[in-house]
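Engineer: Okay, sequence plus prediction incoming.
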Amino acid sequence: MLSLILCLFLDSLLAMLFCLIINILAGFLVWQKVLAIHPNHGVIILEPKLFRFEGEGLKIQGEISKKSRFYGNNIWLHIKGFSNSHWLIISANGVNKQSYARLKRAALNAINCAAESK
């Protein structure tokens with residue numbers, strides 16, 4: 001954002017182009033990250049202590065952590081895996097009502113269990 005603001009006050013055309021290219025590159029990288037955590041197709045398997053997601057190019061396995069959140073009609077799941085953690089965004093429009101309710105209950109259960117253990 002700072003480079004975009006600086007771009008407005010620079011005198012050199014080359015400096016303005018450099019700032020513009022840097023902003024486009026940063027925007028592209030952020031967009032790729034958003035697309036990676038918001039898959040269009042996949043299968044979710046919920047088990048009592050385990051969450052699995054298998055999509056076209058993405059396979060995630062682990063537990064739903066207490067960092068999971070609800071934003072509007074989206075569930076932002078934080079999955080703790082064996083070696084690393086992943087974020088996964090599930091939209092209510094992308095699944096049927098029953099599956100969304102089950103996923104929401106599983107996330108609430110993970111959040112509440114973490115709060116009770118403190």
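Structural biologist: It's in.
Engineer: In contact with L58, which residues are there?
Structural biologist: For L58, the contact set (Cβ atoms under 8 Å, 6 or more residues apart in numbering) comprises 36, 39, 42. Any C-beta I mention is one placed from the backbone N, CA and C, and that applies to glycine too.
Engineer: Please apply the same query to W87.
Structural biologist: Going by Cβ under 8 Å, 6+ apart, W87 touches 37, 76-79.
Engineer: Got the phi and psi for S68?
Structural biologist: Phi and psi for S68, reported as degrees, to the nearest 10, are phi -60, psi 140.
Engineer: Under the pLDDT cut-off, which ranges of the chain? List them.
Structural biologist: For the chain, the stretches flagged by pLDDT under 70 are 1-10, 40, 48-49, 114-118.
Engineer: What are the boundaries of the helices in it?
Structural biologist: Remark: helices of the chain, listed N- to C-terminal, are 2-9, 13-37, 97-116; assignment by DSSP state H.
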